[in-house]
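**Student:** Need a 3D model of the sequence below.
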Amino acid sequence: MGQAGWRFWVDRGGTFTDLVACDPAGRLQVRKVLSVQPGLSGDPVVRAIRGLLGLDPAAAESIPDGLIAEVRLGTTVATNAVLEHRGRPTLLLINSGFADLLAIGDQHRPNLFALAIERPAPLARRVLEVHGRLSADGRELEPLLCDQALADQLRQARAEGIACVAVALLHAARHPRHEQALGRWLEPFGFEHIALSHQVSPLPRWLPRAHTTVLEASVSPVLSDYLCQVQNALGPHVPLRVMQSSGGLITPQQLRAKDTILSGPAGGLVGASRIGAALGCLPLVGFDMGGTSTDVSWSEGTSGSATWQRREQAELNGLPLQAAMLDIHTVAAGGGSLIRFDGLRLQVGPAAAVAGRARVGAGAFRPHLEEPQRIDMSNAPASGTDLYHVDRRNSDRHAAAFLEAVFPISLEQTCHQWPALFDEAGLGGGSAHVE
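**Tutor:** Here you go, the predicted model:
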């Protein structure tokens with residue numbers, strides 16, 4: 001049975017974008033394109049849609065009215081902006097005496113017996129204290145002070161390139177009047193985005209509410225720019241809805257960035273669960289490895305009906321967040337995550353190759369996680385301490401290029417120093433040879 005127009009379902013990842021289209025006759029078509037296409041104008045999603053509709057992919061005009069019935073979009077734009085620290089520079093305003101709240105945290109140790117604690121990098125570039133305090137029952141203990149000194153600090157922050165402001169005051173979830181007044185006072189300063197915690201996350205617990213508000217202030221402009229670009233290219237008449245971390249759909253105008261942290265993975269979990277239920281393969285583990293990040297989930301259920309867990313608070317890259325989302329675990333390592341050598345060991349991520357390949361455009365060779373799998377290991381020893389045998393005279397030049405790109409010294413020096421590196425790491429002797 002036919003339908004009124006085309007329907008598109010899109011998963012926009014950090015490296016690749018997947019698109020499923022259903023034409024008016026009900027036929028399905030699939031496309032996979034790069035999420036970033038240097039040298040080509042327009043958004044890759046819209047280019048793919050225009051191509052399927054038989055329109056010029058490079059044309060600037062909107063898509064004619066009536067061709068598209070709907071577009072549903074799952075995106076990791078916000079997730080990758082957090083994982084790769086690409087959000088807007090953000091300032092946090094907090095009650096006087098609590099400037100170190102986010103740095104101190106709640107003393108939670110993710111690994112109880114770890115000797116070296118690695119703290120997540122703060123999303124807020126600067127923190128300013130604001131005089132003013134409300135009690136838990138809403139009584140004003142100290143009036144809000146928006147004076148010239150604070151104004152001068154804000155102008156200085158703006159001059160230093162800080163684009164966004166997050167406001168997180170004590171007890172604002174129940175009594176927001178100080179935050180509301182401060183938000184109105186901040187408007188003339190020209191910040192790109194102002195996030196107030198009682199609007200972003202009106203829930204108890206000050207610390208995760210503050211972290212969530214900083215994330216919203218930092219990432220919201222990045223997500224908004226992307227969605228506006230897509231909507232403008234599609235045309236204002238095209239219905240666009242975005243997948244939320246909770247598994248529901250919402251319009252871009254109603255969307256908050258903190259609710260899209262697991263937008264793409266949420267669609268993957270829902271789809272995998274439905275397929276598993278239809279095939280009678282429940283419970284199941286979902287493993288979704290993209291170019292920038294990897295997502296793992298769990299689904300269960302019986303009698304052809306899948307169920308999955310939701311949570312109101314989660315953690316992303318070590319930061320506590322208050323947002324309704326499906327129970328999905330994300331790590332900043334995907335097939336395109338760049339590999340680097342820190343002097344002792346290889347490190348992976350969080351930065352990723354633009355196009356899922358080590359060589360981007362005409363630039364230098366940039367090795368990433370997928371590259372070692374391309375190396376022909378047929379000449380590797382079955383046993384013993386030889387780690388790898390690189391023969392430059394034969395076909396495996398890819399291995400030599402990979403090793404030379406990863407290590408800041410020549411391939412010969414790398415092989416010569418390999419046993420010492422293994423001994424220092426407590427792994428015993430190892431060796432590599434070059435011919």
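**Student:** which stretches of this structure form helices?
**Tutor:** Assigned helices in the chain, in chain order: 44-52, 77-83, 101-104, 148-159, 177-186, 197-200, 206-234, 263-279, 397-406, 411-424 (criterion: DSSP state H).
**Student:** wait, isn't T213 in contact with S201?
**Tutor:** Yes: if you go by C-beta atoms under 8 Å, T213 and S201 touch, sitting 6.6 Å apart. (Glycine included, C-beta is placed from N, CA and C.)
**Student:** more crowded one of the two?
**Tutor:** Using other C-beta atoms under 10 Å, the more surrounded residue of T213 and S201 is T213, with 31 against 28.
**Student:** mind checking how far the more buried one is from K258?
**Tutor:** 8 Å (C-beta to C-beta, to the nearest Å).
**Student:** Spit out the residues that contact the two alike.
**Tutor:** Jointly contacting T213 and K258 under the rule C-beta atoms under 8 Å, 6 or more residues apart in numbering are 200-201.
**Student:** Please produce a markdown table containing the helices of the chain, extended by mean pLDDT and distance to R126.
**Tutor:** Below are these laid out as a markdown table (pLDDT from 0 to 100; distance: least, C-beta to C-beta, whole Å):
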| stretch | mean pLDDT | distance to R126 |
| --- | --- | --- |
| helix 44-52 | 89 | 35 |
| helix 77-83 | 83 | 18 |
| helix 101-104 | 90 | 12 |
| helix 148-159 | 94 | 6 |
| helix 177-186 | 96 | 14 |
| helix 197-200 | 95 | 17 |
| helix 206-234 | 93 | 11 |
| helix 263-279 | 84 | 29 |
| helix 397-406 | 57 | 35 |
| helix 411-424 | 54 | 39 |
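**Student:** just these: most buried one?
**Tutor:** helix 77-83 (a mean of 26; mean count of other C-beta atoms under 10 Å).
**Student:** how near is S297 to V165?
**Tutor:** For S297, the distance to V165 (C-beta to C-beta) stands at 34 Å.
**Student:** same question but for G138, I mixed them up
**Tutor:** Here the criterion is C-beta to C-beta. By it, G138 lies 24 Å from V165.
**Student:** between those two, which one's more packed in?
**Tutor:** Neighbour count, other C-beta under 10 Å: between G138 and V165, V165 has more, with 27 against 11.
**Student:** so who does G74 touch?
**Tutor:** Applying C-beta under 8 Å, 6+ apart, one finds that G74 lies in contact with 10-12, 242-243, 263-264, 266-268.
**Student:** 6 Å instead?
**Tutor:** Each residue near G74 by C-beta atoms under 6 Å, 6 or more residues apart in numbering is listed here: 11, 243, 263-264, 267.
**Student:** and P110, how far is that from R119?
**Tutor:** Per C-beta to C-beta, P110 is found 10 Å from R119.
**Student:** from what I can see K258 touches E216, true?
**Tutor:** Yes: K258 lies in contact with E216 (C-beta atoms under 6 Å); the separation is 5.0 Å.
**Student:** where in the stretch 301-435 of the chain is pLDDT low?
**Tutor:** 302-306, 342-344, 349-435 (pLDDT under 70).
**Student:** Counting neighbours, what do you get for E61?
**Tutor:** E61 has 10 nearby residues by other C-beta under 10 Å.
**Student:** Equivalent analysis for T330, please.
**Tutor:** Neighbour tally, T330, other C-beta under 10 Å: 24.
**Student:** Ok, G39 next?
**Tutor:** 5.
**Student:** Kindly report the same for the one 4 residues further on.
**Tutor:** The criterion is other C-beta under 10 Å. On that basis, D43 has 19 neighbouring residues.
**Student:** State the phi and psi torsions of it.
**Tutor:** Note on D43: backbone dihedrals following degrees, to the nearest 10 are phi -80, psi 140.
**Student:** ok, which stretches of the stretch 51-200 of the chain are strands?
**Tutor:** 68-75, 90-95, 124-130, 133-134, 140-142, 164-168, 193-196 (DSSP state E, counting those that start in this stretch).
**Student:** Pull up the pairing partners for the last one, direction included.
**Tutor:** Under the criterion DSSP bridges, strand 193-196 sits next to strand 164-168 (parallel) in its sheet.
**Student:** average model confidence for the partner strand?
**Tutor:** For strand 164-168, mean pLDDT is 97.
**Student:** Taking strand 90-95 as reference, get the angle to that strand.
**Tutor:** Interaxial angle of strand 164-168 relative to strand 90-95 (axes from the mean of the first three to the mean of the last three C-alpha atoms, to 10 degrees): 20 degrees.
**Student:** domain assignment for this structure?
**Tutor:** With domains defined by automatic domain parsing, the chain comprises 6-81+224-260, 86-217, 361-434.
**Student:** end-to-end on the longest one?
**Tutor:** Just to be clear, that refers to domain 86-217. 12 Å (C-alpha to C-alpha, to the nearest Å).
**Student:** distance between it and the chain's centre?
**Tutor:** Centroid displacement of domain 86-217 relative to its chain, using C-alpha atoms, centre = their mean, to the nearest Å, is 22 Å.
**Student:** just stretch 25-42 next, same as before
**Tutor:** Averaging C-alpha positions (C-alpha atoms, centre = their mean) puts stretch 25-42 21 Å from its chain's average.
**Student:** now do stretch 35-47
**Tutor:** Distance, centroid of stretch 35-47 to centroid of chain: 19 Å (C-alpha atoms, centre = their mean).
**Student:** now do stretch 49-66
**Tutor:** Taking the mean of its C-alpha atoms, stretch 49-66 sits 29 Å from the chain's own mean (C-alpha atoms, centre = their mean).
**Student:** I'd like the domains of the chain laid out as CSV, including distance to T330.
**Tutor:** Output for those, formatted as CSV (distance: least, C-beta to C-beta, whole Å):
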stretch, distance to T330
domain 6-81+224-260, 7
domain 86-217, 14
domain 361-434, 15
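**Student:** looking at those, which is closest to L321?
**Tutor:** domain 86-217 (5.0 Å; C-beta to C-beta).
**Student:** So for Q313, which of the domains of the chain sits nearest?
**Tutor:** Closest approach to Q313 among the domains of the chain (C-beta to C-beta): domain 86-217, 5.9 Å.
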